[in-house]
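# Output the structure for:
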Amino acid sequence: MKITMDDVRYQDASLALFFTVTGATEPCEFAYYVYQDNQLIEKCWYEAASKKNEIQFRPVFSGAYKIRLFVRQGEEVVFAQVSNELYIDCVAEKELEVTFPGEKIFLDDVPVKYLFQPAKKPSKHLILSFSGLYSTEFRGGAPVYNHIRTLEPVDANKLFILDSYQEQFCYYVGFGREHQFERSVVSLITTIANQCHISAENIIATGSSKGGAAALYYSLKYRYGKAIIGAPQVYIANYLNQRATSDSMRERYYRMLGDNHALGKQFWNQLILNQVAKATQFPALHFHVGKGDFHYPKHLMPLFKELDKREVTYRLDLADYTEHNQTGQYFTPFLVETVSNMI
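Numbering: from 1, shown residues only. Predicted structure coming up:
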């Protein structure tokens, strides 16, 4: 007897699993389990199998789904196999695809793609890696993860989060002065931290450029213990307005601003400084920037002025280079050295 099970598919808002039974000399029966996010949520007990069979299950809640199929002859289970896993957004009624080895999708209010690398040895730290903004993204290209190879020698729990909301960047916040994506990102971080029994004070937010802005914002707002920040944008709207030199980039920039462009600009330009103004405690802040990079006078010096008013201590690594696109080259060793000293 031969049992052939196809990959589970998502069609017409339902999971569909096809399998065939050939060469059976005795009647067969099949049963199946449905798993959501690796948890068993439904059992369907044995019923008669034919040569061609179809299992259908309509998910109600978004999540990662798979089906375990059992086939038996008499009392003997002759087949037990788990299907492939599908990420289903039940609100949008669509399947979400992963595109990077080890990538997963956290499904909360909105989907968040991420990579999680647990520590090899027991660790009380969680490193967050927020991604920068690549020129290809201005033309509609896919976002990318940052510092996976850079942080490879660092033995700690590492969470790499992709800034991809409705097929574009949003600085890990959202569009039109709303925080849809941010809420899901925070939920992801909290879920991972709780699973690893890691407190907020042992979360280390990292990133450069756009990722640096996100690391600074999240560490201030959610009281993470430490932040390692490379050449961040503080006046985000001003920066994007300068970069919006094409129709595709302006489209993405205006989407972030929302319908009221004037209020949108105020929101993005004040996003980080508003957190500085109202914070009651501050993370350990470690900054890096090139002395000739325009981010130093245009973004960081005004930020430092506000931090000084609040009597906040911070560390500044001022490197000898002039172009913002050199940040990655110089920030990388600074990141590894700083995070290694922290853990």
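# residues contacting A214?
F130, D163, Y171, Y172, A205, G207 (CB atoms under 8 Å, 6 or more residues apart in numbering). (C-beta placed from N, C-alpha, C; glycine too.)
# F61 now?
Applying CB under 8 Å, 6+ apart, the residues near F61 are Q36, C90.
# ok but it is inside a helix, no?
No. Using DSSP: H, G, I helix; E, B strand; the rest coil, the assignment for F61 is coil, not a helix.
# Report the separation between it and E95.
Shown here: F61 relative to E95, a distance of 15 Å by CB to CB, to the nearest Å.
# same thing with A262?
39 Å.
# Between the two, which is the more surrounded one?
More crowded of A262 and E95, by other CB atoms under 10 Å: E95, with 14 against 8.
# In the sheet, which strands lie alongside the helix or strand in which that one is found, parallel or antiparallel?
If you go by DSSP states H and E, E95 is part of strand 94-96. Its sheet considered, strand 94-96 pairs with strand 86-89 (antiparallel) by DSSP bridges.
# quick one on the thing from earlier: now neighbour count too, for the contacts of A214, in TSV please.
Formatted as TSV, these follow (neighbours: other CB atoms under 10 Å):
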residue	neighbour count
F130	31
D163	27
Y171	22
Y172	27
A205	27
G207	29
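# which of these lies closest to A48?
Using CB to CB, D163 comes nearest to A48 of those, at 50.2 Å.
# So the closest one sits against E182, correct?
No. Using CB atoms under 8 Å, D163 is not in contact with E182, being 10.7 Å away.
# Torsion angles phi and psi at the residue lying closest to L107 once chain neighbours are set aside?
Closest residue in space to L107, ignoring its immediate chain neighbours: S62 at 4.0 Å, by CB to CB, 6 or more residues apart in numbering. Here is the backbone geometry of S62 (degrees, to the nearest 10): phi -60, psi 150.
# residues of the strand or helix carrying A64 that come out buried?
In this structure, A64 is located in strand 63-73 according to DSSP H and E. Buried residues in strand 63-73, counting neighbours by 16 or more other CB atoms under 10 Å, are found at G63, A64, Y65, K66, I67, L69, F70, V71, R72, Q73.
# Then stretch 138-158?
F138, P143, Y145, N146, H147, T150, L151, V154, D155, A156, N157, K158.
# Quick check, pLDDT for the third one.
Yep, that's Y145 we're talking about. On pLDDT, Y145 comes in at 93.
# need the contact list for it.
F100, L115, S129, S131, F160, L162.
# what's the most distant pair in those?
F100 and S129 (13.4 Å).
# Look at the residue nearest to L107 and say how many residues are nearby.
So S62, with other CB under 10 Å, has 22 neighbours.
# ditto for Y32
Neighbour number of Y32 under other CB under 10 Å is 20.
# name the element it belongs to?
Counting by DSSP H and E, Y32 is found in strand 29-36.
# The very next helix or strand once past that strand pairs with which strands?
Of the helices and strands lying after strand 29-36 in sequence (DSSP H and E), the nearest is strand 39-48. Strand 39-48 has the following strand partners under DSSP bridges: strand 29-36 (antiparallel).
# who does the biggest helix by length in the chain touch, helix- and strand-wise?
With secondary structure taken from DSSP state H, the chain has its longest helix at helix 261-278. Where contact means 3 or more CB pairs under 8 Å, 6 or more residues apart in numbering; DSSP states H and E, helix 261-278 is packed against helix 210-221, helix 236-243, helix 247-257, helix 301-309.
# buried residues in that helix?
Here helix 261-278 shows G264, K265, F267, W268, N269, Q270, L271, I272, L273, Q275, V276 as buried, counting by 16+ other CB under 10 Å.
# do stretch 13-30 as well
L15, A16, L17, F19, V21, A24, C28, F30.
# Just give me the closest of the residues you listed to L40.
L15 (14.8 Å).
# Hmm, R58 and that closest one touching each other?
Yes. If you go by CB under 8 Å, L15 and R58 touch, sitting 7.5 Å apart.
# For the strand holding E95, which outside residues touch it?
Y10, L86, Y87, I88, D89, I105, L107, P111.
# Against G140, how distant is S246?
When S246 is compared with G140 (using CB to CB), they lie 10 Å apart.
# what packs against the host helix or strand of F19?
Per DSSP H and E, F19 falls inside strand 14-22. Packed against strand 14-22 by the contact rule (3+ CB pairs under 8 Å, 6+ apart) you find strand 2-5, strand 9-11, strand 29-36, strand 52-57, strand 63-73.
# Now with 10 Å, please.
strand 2-5, strand 9-11, strand 29-36, strand 52-57, strand 63-73, strand 76-82, strand 86-89 (3 or more CB pairs under 10 Å, 6 or more residues apart in numbering; DSSP states H and E).
# which non-adjacent residue is nearest N53?
In space, and not counting its chain neighbours, N53 is closest to F19: 5.3 Å by CB to CB, 6+ apart.
# can you pull the contacts of the residue lying closest to Q73 once chain neighbours are set aside?
The spatial neighbour of Q73 that comes closest, neighbours along the chain excluded (CB to CB, 6+ apart), is E26 at 5.1 Å. E26 sits next to M1, Q73, G74, E76 when contact means CB atoms under 10 Å, 6 or more residues apart in numbering.
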